[in-house]
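>>> Fold the stuff below for me.
(2 chains)
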Amino acid sequence: MYKYAFLLIVAALFTAPSAHALQAFACEPEWGSLLTELGGDTVQVDVGTSALQDVHVIEAKPSLIAKVRRADLVVCSGADLEVGWLPQLIKQAGNPKVASGPGYFLASDQITTLEKPSKLDRSEGDIHPQGNPHFQLDPYRVLAIAKALDARLAELDPPHAAQYRQRLADFTTRWTAAIGKWEAKAAPLKGRKVVVHHLSWVYLNTWLGLEQIGALEPKPGVPPTSAHLAGLVELAKNQHAFAILRAAYQDQKPGDWLSAQTGVPAVTLPFTVGGDAQAKDLFGLFDDTIDKLLAVAK
Amino acid sequence: MNFEGLELSILGPACVAGLIVLVTHVPLGQQVLARGIIFIDLAIAQVAALGVILAQYFGMDEQGLGVEVAAAIAALAGGALLTFTDRKWPDYQEPLIGTLFVLAATGSLLLLANNPHGSEHLKDLLVGQILWVDLHRLIGVALLSAVLLGVMWWRRAQLAGPLFYAVFALAITASVQLVGVYLVFASLIVPALATTGAGGVRRLAAGYAIGVAGYVSGLVLSALLDLPSGAMIVWTLAGCGVLGRVLLLLSGALREPVAA
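Below you'll find the predicted structure:
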C-alpha cells in the first residue's frame, strides 16, 4: 500500500505543468463561465462548485486544494457567500499568489450589493453584513464585474492584455444586445408577484420588476415556523402570486408543499451556469431563466 | 483517476489529524463497546455543540478560546450527567444517551431559530472537515490527547465512572471539531469491533493497525477518486476492519470466533 502510494505521489509530481498563460480558479460556475468568455484559450479555468450544490457549504476534497494551489487567480462571489470554506481552502493551499492582492478577485468588491444593512446589529437577525451575495442574476452587475475582471486578467498577464481587451469588447457587445432582448421578452413579467424559496432572487426580481411577497425559508436551513407557513399560504392566494421560485440545487419539498396548498406553480430555475441542460453558459442561463418564468406566467 | 490531489502537503496534515484522533479513540472505543453505549459519542458531540451555541447566544465571540472552553464545559457536564444516569439506571443507559442526543440536537435548532447562519454553524461544529485542519488546533489536540492517553494508562485498571466519562467527553469534543462526527464514530467503533475477542496488547495493536490503514488508504483513495475525504475514510476504515478481522481469524489470534 505505502509503496504504491509513493509511486502515485511521484507520478503526480511529474504531471506536466499547464501550457496556458493563466490558471484561474472560480468558486462558482457563473464566474468560470465569465472567465472563459474573457480569457478564451489563454486562461485555463477550474470551477470549485457546481450549480447543483449549495455553495454556502461544500465538502473538502483534495483536488480542491490542488486546484487553488496551482492557480494564478481566484475568482469568487464574496460578500461572505464562501466564508465557510474559502478562507480555509486558501490557507490550506498555501499559495501566496491568490491569498491576497491581484490574484484574489471578489466579485462583490466590484459592485454595490442589495440588502446591505444600514446598521450592523445582531438583533436584525437575518442579515448578511455585506449584502446579498447572489448577484449573478443581474446582467448589469455581471457586466460591471466582467469589466473589472478583464482589467485584472490584463494586470496579471500583460502579454495578452490586448487580447483580453478585444474579448471584453466582443462580450460587451453581445451581452448588451442580449440584455435588450431579455428585457423585451420579460416585459410582461413586470409587477408580477412571486414567492421565493430562499432570499436569493432579489437581483433578478429587481431587474425584471418582479415583486417578492414572501419567502418559504427566510433563514436557510432553519425550518420555518407553522405561523410563517400559514401566513405565506394566505399571502400567496390573496395577492395572486404567479410562481414560487427555487434554485436547481434546492430541496423541492417546501416549494411543492406550498404549490399544493395554493395552486401557484413552483418553478425550478437554473440559478447559475449548469443548473439545467439549457444553462450551458451565462447567455443560456438568462435565456432559460426568462423562458421558464414566461412559461408559468401565462 | 485524478492525480492532482495526491500531494503529501495536502494529505499529510489530514493524515496526522487522523493519527492523533486514533491515539485516544482506539482504546476508548474498546471501553465504549464493552459498555454497550455506542452512541455516546454522538450525544457528547451534540452536547458540546449545544454548549458552543449557548455561549454565542449569550454574546461570546465566535472565534477564540472561549468557545473551546464552552464546548469542553458542556461536554464535561454531559459526561457528568451520563455518569449519574449510569449509576442510577444502568439498565437504561443506552436509551437515556439516545434521548440526550435528540434533546441536544433539537435544543441547538431552537436556539438557532433566529440566527441566519444557524444551520451552517451547526454543520461546522459537527462535520469538522479533515482536510481543513489547521496547525494550531492540531497541536492543541495532540497535547490534549497525550494528557488523556497518560490518564488512561495511569488508571488503566480503574478507568470507570466519572473519570471515564470525563476523559471521553474531552477526547470527543476535541476530535469532533477536527475530523467530524462520522469519522469520530468510525474511529471509535470500527477498530474495537473488528478486534473483539483478541487479547490485551494484541487487540490494541491490531486496532491501531486497522485505524492507520483505514485513514491512509481513505485519504489516498479520496484524492484519486476526487471524493470527499471524510466520507471516504469512513468506508476504508470499515473495509480495513473487515480485512483485519479476517487476518485475525486466519492467524488464530482470537480466543473465540464470535465474542462480545
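>>> Could you report the separation of residue A:271 from residue A:190?
The spacing between residue A:271 and residue A:190, counted by C-beta to C-beta, to the nearest Å, is 21 Å. In short, each C-beta sits where N, CA and C put it, glycine included.
>>> what does residue A:79 give?
Spatial separation of residue A:79 from residue A:190 under the definition C-beta to C-beta is 27 Å.
>>> Specify which residue of these two has the higher count of neighbours.
Comparing residue A:79 with residue A:190 by other C-beta atoms under 10 Å in any protein chain shown, the one with more neighbours is residue A:79, at 23 against 11.
>>> OK, contacts around the more buried one?
Applying C-beta atoms under 8 Å, 6 or more residues apart in numbering or on different chains, we find residue A:79 in contact with A:106, A:108, A:113, A:128, A:130-133.
>>> let's see it at 10 Å
Taking C-beta atoms under 10 Å, 6 or more residues apart in numbering or on different chains as the definition of contact, the neighbours of residue A:79 are A:106-109, A:111, A:113, A:115-116, A:128-135.
>>> same deal with residue B:233?
With contacts defined as C-beta under 10 Å, 6+ apart, the neighbours of residue B:233 are B:14-15, B:18, B:130, B:179-180, B:182-183, B:186-187, B:214-219, B:221-222, B:240.
>>> before we move on, what about residue A:115?
For residue A:115, the set of contacting residues under the criterion of C-beta under 10 Å, 6+ apart consists of A:79, A:126-128, A:130-134, A:199, A:202-203.
>>> likewise residue B:13?
For residue B:13, the set of contacting residues under the criterion of C-beta under 10 Å, 6+ apart consists of A:92, B:130-135, B:138.
>>> where does it land on pLDDT?
Reading off the confidence values, residue B:13 has pLDDT 90.
>>> Please report phi then psi for it.
In this entry, residue B:13 is assigned phi and psi values of phi -60, psi -40 (degrees, to the nearest 10).
>>> That one and residue A:295: what is the separation?
For residue B:13, the distance to residue A:295 (C-beta to C-beta) stands at 50 Å.
>>> need the helices for chain B, in chain order.
If you assign secondary structure with DSSP state H, the helices in chain B sit at B:8-35, B:40-57, B:65-88, B:93-111, B:118-126, B:135-154, B:161-179, B:181-194, B:200-225, B:229-251.
>>> Now distance to residue A:149 too, for those helices, in TSV please.
Listed next are these as TSV, based on distance: least, C-beta to C-beta, whole Å:
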stretch	distance to residue A:149
helix B:8-35	28
helix B:40-57	36
helix B:65-88	37
helix B:93-111	40
helix B:118-126	27
helix B:135-154	33
helix B:161-179	36
helix B:181-194	38
helix B:200-225	31
helix B:229-251	31
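>>> Mean pLDDT lowest where, among the ones you listed?
Note on the helices of chain B: lowest mean pLDDT is at helix B:118-126, with a mean of 64.
>>> What's the mean pLDDT across stretch A:217-226?
Within the predicted structure, the mean pLDDT of stretch A:217-226 is 71.
>>> what's the span of it from first residue to last?
For stretch A:217-226, the first-to-last residue distance is 11 Å (C-alpha to C-alpha, to the nearest Å).
>>> can you check stretch A:204-213 too?
Separation of the first and last residues of stretch A:204-213 by C-alpha to C-alpha is 14 Å.
>>> same for the longest helix along chain A, what does it pack against?
Ranked by residue count under DSSP H, the longest helix found in chain A is helix A:161-185. Other elements packing on helix A:161-185 under the criterion 3 or more C-beta pairs under 10 Å, 6 or more residues apart in numbering or on different chains; DSSP states H and E are helix A:29-39, helix A:139-156, helix A:202-208, helix A:282-297.
>>> Let me know the angle separating that helix from helix A:139-156.
180 degrees (axes from the mean of the first three to the mean of the last three C-alpha atoms, to 10 degrees).
>>> next one: helix A:161-185 to chain centre, how far?
19 Å (C-alpha atoms, centre = their mean, to the nearest Å).
>>> List the neighbouring strands of the next helix or strand after it plus their orientation.
Secondary structure here is assigned by DSSP states H and E; on that basis, the next helix or strand after helix A:161-185 toward the C-terminus is strand A:193-196. Each strand paired with strand A:193-196, and its direction, by DSSP bridges: strand A:211-215 (parallel), strand A:243-247 (parallel).
>>> Mind putting these into JSON lines with mean neighbour count?
As requested, these are arranged in JSON lines below (neighbours: other C-beta atoms under 10 Å in any protein chain shown):
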{"stretch": "strand A:211-215", "mean neighbour count": "17"}
{"stretch": "strand A:243-247", "mean neighbour count": "25"}
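>>> And these: which comes nearest residue B:247?
strand A:243-247 (48.9 Å; C-beta to C-beta).
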